[in-house]
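Colleague: following is a predicted model, sequence given first.
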Amino acid sequence: MPKRLLFVDDEALVLNGLRRALHGMRQEWDMHFVDSGAAALQALDQEAYDAIITDMRMPVMDGAQLLEEVRQRHPNIIRIVLSGQSSREAVFRSITGAHQFLLKPCDPQELVARLGQAFAMRDLLSNQTLKSVISRMPSIPSLPTLYHELTAVLRLEDPSLAQIERIISKDVGMAAKILQLANSAFIGTRGRVSSLLQAVSLIGTESVRTLVLSVHVFSQCDGDSEVAAYLPALWDHSVAVASLAQRIASSQRCPKAVVEESFTGGLLHDIGKVVFLAEMSGKYRDILGADPASIPAMELERLGCTHAQVGAYLISIWGLPVSLVHAVAFHHFPSQTAETQFSSLTAVHAADAIASSNDPSALNRDVALDGPYLDRIGLREREPLWLGFHEEHLVAKAQREPGERKVPGGP
Ligand SMILES: [Fe+2]
Ligand SMILES: [Fe+2]
């Protein structure tokens, strides 16, 4: 079925340009064009749409106001700003309303790629409520200790990018949000960004400071919430998987971009669990009480989708690179892909399976190595080497934090 798209711009010339540029998509996209925010809201009330693409500067109701209204009234719609303004202030104003920000003139291929990726991930989710929940979420809760650490650094007179990146690379929520912003055209990037250091450098210290301290782009996890009890263990696991995935990719002598993407993929791989914990805690707690190995199957049975699909959908509508979305979507069962060689997905999957095998929290012990996949890409014999990396990591961690965690094979 074609996807229904609504384009909003007060300039007829712009709408005509979009109509012409996207003419080749008319089989897959049912495109409608309106010239104001009011007309857009009226159209959305009358018929169901899959995505809205709006100009920013319009009389009466601007793009930021329109998208905030759409977020409240029609949360399942994918919301994109297509703006002639490169002013960061304008973008900051629409930060909770918009999923992605693109600059005019619109590159039709870029729009087709971004929406195609988001639609493909959304079609995997059969739970309608979850689609709305994910699409409405402006951020993923951050660990309060890391949030405070970051705000303290940002209040320093001259914080370094490395200091900022070091904190963000320990927090799943901050990492995802910073990548969403770095992958927006307003930052001036060509190509997509998977590396956290590159993301922080592109945005710049001053903008990160404004985004965190004034716009409050990150949200702190409420200490009394259901998710707070699970967050530290989930964050520990995410950082362990990120570090191991990075080491595995390095040992394969991959290009630097794949090594960095393996780290980021490892950090974000279980982000869907945070969505379940934050938004459906009662139902999800029941699932977590079962045998850890059956968690993905039970998610599918009881919630209509797995945390891998939920996470992949969230980061796809936020405009993160397709290879990262792919690594998150298939991190439990990479043999479901057609891959025949090492990628960031291989690193994330192997790291997850190895790191989770002796994780103290049952929440994280939900994955096993996908043997047929490793056979297919010809890397089964690397398993002992990768296990060795993890054991070295545990030994180093036990020395840093005595009594924290048992070392495999140890007393
Ligand atoms: Fe997982
Ligand atoms: Fe995991």
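Modeller: Here it is on my side, so go on. Ligands and ions are numbered 1, 2, ... in the order given.

Colleague: beyond the helix or strand bottoming out on mean pLDDT in the chain, next helix or strand please.
Modeller: Every helix and strand of the chain was ranked by mean pLDDT, DSSP states H and E. The lowest is helix 88-93, at a mean of 75. Using DSSP states H and E, the helix or strand that follows helix 88-93 in sequence is strand 100-103.

Colleague: please name every helix or strand in contact with the helix or strand following that following strand.
Modeller: Once the chain leaves strand 100-103, the next helix or strand it forms, by DSSP H and E, is helix 108-122. Using 3 or more Cβ pairs under 8 Å, 6 or more residues apart in numbering; DSSP states H and E, the elements in contact with helix 108-122 are strand 3-8, strand 51-54, strand 78-83, strand 100-103, helix 307-317, helix 322-329. (Glycine included, C-beta is placed from N, CA and C.)

Colleague: show residues contacting helix 108-122.
Modeller: Identification of contacts with helix 108-122 by Cβ atoms under 8 Å, 6 or more residues apart in numbering yields 3, 5, 21-22, 24-25, 50-51, 53, 78, 80, 82, 99-100, 102, 131, 185, 309, 312-313, 316-317, 319, 322, 325, 329.

Colleague: please enumerate residues in contact with the helix or strand following it?
Modeller: Scanning forward in sequence from helix 108-122 by DSSP H and E, the next helix or strand is helix 128-136. Contacts to helix 128-136, defined as Cβ under 8 Å, 6+ apart, come from residues 71, 75-79, 99, 122, 125, 275, 279-280, 303-305, 310, 313-314, 317.

Colleague: please repeat the previous calculation with a cut-off of 7 Å.
Modeller: 71, 75-78, 122, 125, 275, 279, 303-305, 310, 313-314, 317 (Cβ atoms under 7 Å, 6 or more residues apart in numbering).

Colleague: from the residues you listed, which would you call buried?
Modeller: 71, 75-78, 122, 125, 275, 279, 303-305, 310, 313-314, 317 (16 or more other Cβ atoms under 10 Å).

Colleague: quick one: name the residues of this structure near ligand 2.
Modeller: Within the chain, the residues that sit near ligand 2 (Cβ under 5 Å from the ion) are 270, 352.

Colleague: let's see it at 8 Å
Modeller: When proximity is defined as Cβ under 8 Å from the ion, the chain approaches ligand 2 at 237-238, 241, 269-270, 273, 331, 352, 355-356, 364, 366-367.

Colleague: identify the farthest-apart pair in those.
Modeller: Using Cβ to Cβ, the residues of the chain next to ligand 2 span at most 14.8 Å, a distance reached by Lys273 and Ala355.

Colleague: which element is the residue in the stretch 301-411 of the chain that ligand 2 sits nearest to on?
Modeller: Among the residues of the stretch 301-411 of the chain, Asp352 lies nearest to ligand 2; the distance is 4.3 Å by Cβ to the ion. Counting by DSSP H and E, the element that carries Asp352 is helix 344-356.

Colleague: could you check the angle that helix makes with helix 322-329?
Modeller: Interaxial angle, helix 344-356 versus helix 322-329 (axes from the mean of the first three to the mean of the last three Cα atoms, to 10 degrees): 30 degrees.

Colleague: with adjacent residues omitted, what lies nearest to Lys390?
Modeller: Let me fix one detail, which is that residue 390 is His and not Lys. Nearest residue to His390 in three dimensions, chain neighbours excluded: Ile354, at 4.9 Å (Cβ to Cβ, 6 or more residues apart in numbering).

Colleague: what pLDDT does the model give that neighbour?
Modeller: Listed pLDDT for Ile354 reads 97.

Colleague: neighbours of it, how many?
Modeller: Each residue near Ile354 was counted by other Cβ atoms under 10 Å, and the total is 24.

Colleague: if we can go back for a sec, for the helices and strands packed on helix 108-122, which one sits closest to Leu161?
Modeller: Among the helices and strands packed on helix 108-122, if distance is taken as Cβ to Cβ, the winner is helix 322-329, at 20.9 Å.

Colleague: which parts of that closest one are buried?
Modeller: For helix 322-329, the neighbour count (16+ other Cβ under 10 Å) marks 322-329 as buried.

Colleague: for that helix, output the C-alpha coordinates as PDB.
Modeller: In PDB, the C-alpha atoms belonging to helix 322-329 read as follows (Å, rounded to 0.1, in the frame of the first residue of the first chain):
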ATOM      1  CA  VAL A 322      21.100   2.600   8.000                       C
ATOM      2  CA  SER A 323      24.000   0.300   9.000                       C
ATOM      3  CA  LEU A 324      23.500   1.200  12.600                       C
ATOM      4  CA  VAL A 325      19.800   0.600  12.400                       C
ATOM      5  CA  HIS A 326      20.600  -2.800  10.800                       C
ATOM      6  CA  ALA A 327      23.000  -3.700  13.600                       C
ATOM      7  CA  VAL A 328      20.300  -2.900  16.200                       C
ATOM      8  CA  ALA A 329      17.500  -4.600  14.300                       C
END
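
Colleague: which ones are touching the residue sitting nearest the centre point of the chain?
Modeller: For the chain, Ile315 is the residue whose C-alpha lies nearest the centre (Cα atoms, centre = their mean; 2.8 Å). With contact taken as Cβ under 7 Å, 6+ apart, Ile315 is in contact with 176, 268, 271, 324-325, 328.

Colleague: and the lengthiest helix in the chain, what does it pack onto?
Modeller: The longest helix of the chain (DSSP state H) is helix 226-251. Helices and strands touching helix 226-251, by 3 or more Cβ pairs under 7 Å, 6 or more residues apart in numbering; DSSP states H and E, are helix 256-268, helix 271-279, helix 344-356, helix 383-400.

Colleague: which residues touch the shortest one?
Modeller: Contacts of helix 271-279 with the rest of the structure, by Cβ under 7 Å, 6+ apart, involve 133-134, 140-141, 172, 176, 226-227, 230, 234, 284, 307-311, 314-315, 328.

Colleague: for the nearest residue to Leu244 once chain neighbours are set aside, list the residues it contacts.
Modeller: Closest residue in space to Leu244, ignoring its immediate chain neighbours: Ala351 at 3.8 Å, by Cβ to Cβ, 6+ apart. By Cβ under 7 Å, 6+ apart, Ala351 lies in contact with 241, 244-245, 248, 266.

Colleague: which of the residues you listed sits closest to ligand 2?
Modeller: Val241 (5.8 Å).

Colleague: perfect, that will be all.
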